[in-house]
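*Asks:* Curious how this folds, go ahead:
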Amino acid sequence: MLKRVAITGPESTGKSWLAEQLAIRFRTEFVPEYAREYLQDHGMNYDLKDIEIMAKGQVKNEEIAALQTKTLLFCDTDLLVPKIWSEVVFGSCSEWIQNQFLTHKYDLFLLCYPDLPWEFDPMRENPDNRDELFVLYEKALKENNFPYRIVKGLGGDRLENAINFVKEII
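*Replies:* So this is what the prediction gives:
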């Protein structure tokens with residue numbers, strides 16, 4: 001039976017690296033962050049409608065990847081990311097994203113703690129409030145009783161922590 005692991009959290013906390021490394025370690029697939037591709041194609045001038053389009057693209061890519069693996073699927077980003085993003089930037093979230101966040105299930109959320117140094121990227125917007133954003137992520141996971149673990153540490157330590165959390169569900 002397929003187990004899905006969402007890798008979530010504020011910007012520049014190693015989500016993409018972690019998704020790829022975990023997929024290599026467990027010899028399986030990972031779903032890249034669709035928003036990055038979308039913003040590269042459409043630019044950084046986005047609105048709520050664009051965030052919903054990105055969320056739908058993420059879910060679509062995840063479902064395609066789920067057909068290609070039978071055991072474990074790592075998702076670089078989940079529906080919590082566009083939910084928090086919408087609420088922070090625009091003060092609201094689309095009904096579709098909110099509903100999908102509540103119903104699109106994962107066996108584990110790896111919530112990345114902002115203990116990594118900020119790395120500039122033209123697609124990133126929040127270098128100064130990662131701790132505040134982390135609190136919002138954790139609050140949403142707790143309020144909805146979603147299974148999560150906080151991933152901390154640098155480099156190999158961060159990866160080992162995540163590996164141990166994934167082993168708990170397999």
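
*Asks:* So which elements touch the lengthiest helix in the chain?
*Replies:* For the chain, the longest helix by residue count, based on DSSP state H, is helix 48-66. In terms of contacts (3 or more CB pairs under 8 Å, 6 or more residues apart in numbering; DSSP states H and E), helix 48-66 is packed against strand 29-31, helix 34-42, strand 72-76, helix 80-90, helix 95-103. Every residue, glycine included, has its C-beta placed from N, CA and C.

*Asks:* Outside of the second one itself, list whatever touches it.
*Replies:* Yep, that's helix 34-42 we're talking about. Under the contact criterion CB atoms under 8 Å, 6 or more residues apart in numbering, helix 34-42 has outside partners 46, 50, 53, 54, 57, 58, 60, 61, 77, 81, 82, 123.

*Asks:* Mind pulling up the pLDDT for the fifth one?
*Replies:* Same thing as residue 57. Note on residue 57: pLDDT of 98.

*Asks:* Now it: closest residue in space that isn't a chain neighbour?
*Replies:* Residue nearest to residue 57 in three dimensions, not counting chain neighbours: residue 34, with 4.0 Å by CB to CB, 6 or more residues apart in numbering.

*Asks:* Go through the lowest-mean-pLDDT helix or strand in the chain and flag the buried ones.
*Replies:* When each helix and strand of the chain is scored by mean pLDDT, DSSP states H and E, helix 34-42 comes last, with a mean of 94. Within helix 34-42, the residues that qualify as buried are 34, 35, 38, 39, counting by 16 or more other CB atoms under 10 Å.

*Asks:* and residue 46, what pLDDT?
*Replies:* 94.

*Asks:* And it, how far from residue 129?
*Replies:* Counting by CB to CB, to the nearest Å, the gap from residue 46 to residue 129 is 19 Å.

*Asks:* Can you name every helix or strand that whichever strand or helix holds residue 162 contacts?
*Replies:* Taking DSSP states H and E as the definition, one finds residue 162 inside helix 155-167. Under the contact criterion of 3+ CB pairs under 8 Å, 6+ apart, helix 155-167 touches helix 15-25, strand 108-112, strand 148-151.

*Asks:* rerun at 10 Å
*Replies:* Judged by 3 or more CB pairs under 10 Å, 6 or more residues apart in numbering; DSSP states H and E, helix 155-167 is in contact with strand 3-8, helix 15-25, strand 72-76, strand 108-112, strand 148-151.

*Asks:* quick one: it to strand 108-112, angle?
*Replies:* 160 degrees (axes from the mean of the first three to the mean of the last three CA atoms, to 10 degrees).
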